[in-house]
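**Student:** Provided below are the primary sequence and the corresponding predicted coordinates.
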Amino acid sequence: MINFNQQEQQCFVSGRLTQVEVKQLWPKRQQLFTDTTQVIDLSALEYVDSAGVALLLALVRLTHSGSKKDSASRQLVNPSEQLKKMIELYDLDAFFSQT
């Protein structure tokens, strides 16, 4: 189960993000954040698979309305330890920040 906790310009993601959750979230991906969301904190993400990583990368590129936005305007930060392994495996350092 995955949870999104919006707090002003930051959204905290917790739980598990697997192919099962991605299939459920994909149709409503534009509604997961507000237009003002600047930071997606992943420190409480317990587990993510490759489908989950793909969703995270797609989310960082979408605005609330679903149009593409400058990738610098929304950041993925504080990847969990398990997600750090995926980042290293797929060489995705440029997409995630440590804060």
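**Tutor:** Perfect, I can see it now.

**Student:** show me where the protein has helices.
**Tutor:** Here the chain has its helices, by DSSP state H, at 19-25, 50-60, 81-89.

**Student:** and those helices, which is most packed in?
**Tutor:** helix 50-60 (a mean of 18; mean count of other C-beta atoms under 10 Å). (Each C-beta comes from the backbone N, C-alpha and C, glycine too.)

**Student:** just give me how far that helix sits from the chain centre.
**Tutor:** 6 Å (C-alpha atoms, centre = their mean, to the nearest Å).

**Student:** got the angle between that helix and helix 81-89?
**Tutor:** Interaxial angle of helix 50-60 relative to helix 81-89 (axes from the mean of the first three to the mean of the last three C-alpha atoms, to 10 degrees): 90 degrees.

**Student:** what's in contact with helix 50-60?
**Tutor:** 17-19, 21-22, 25-26, 29, 32-33, 40, 42, 48, 71, 74-76, 83, 86, 90, 92, 95 (C-beta atoms under 8 Å, 6 or more residues apart in numbering).
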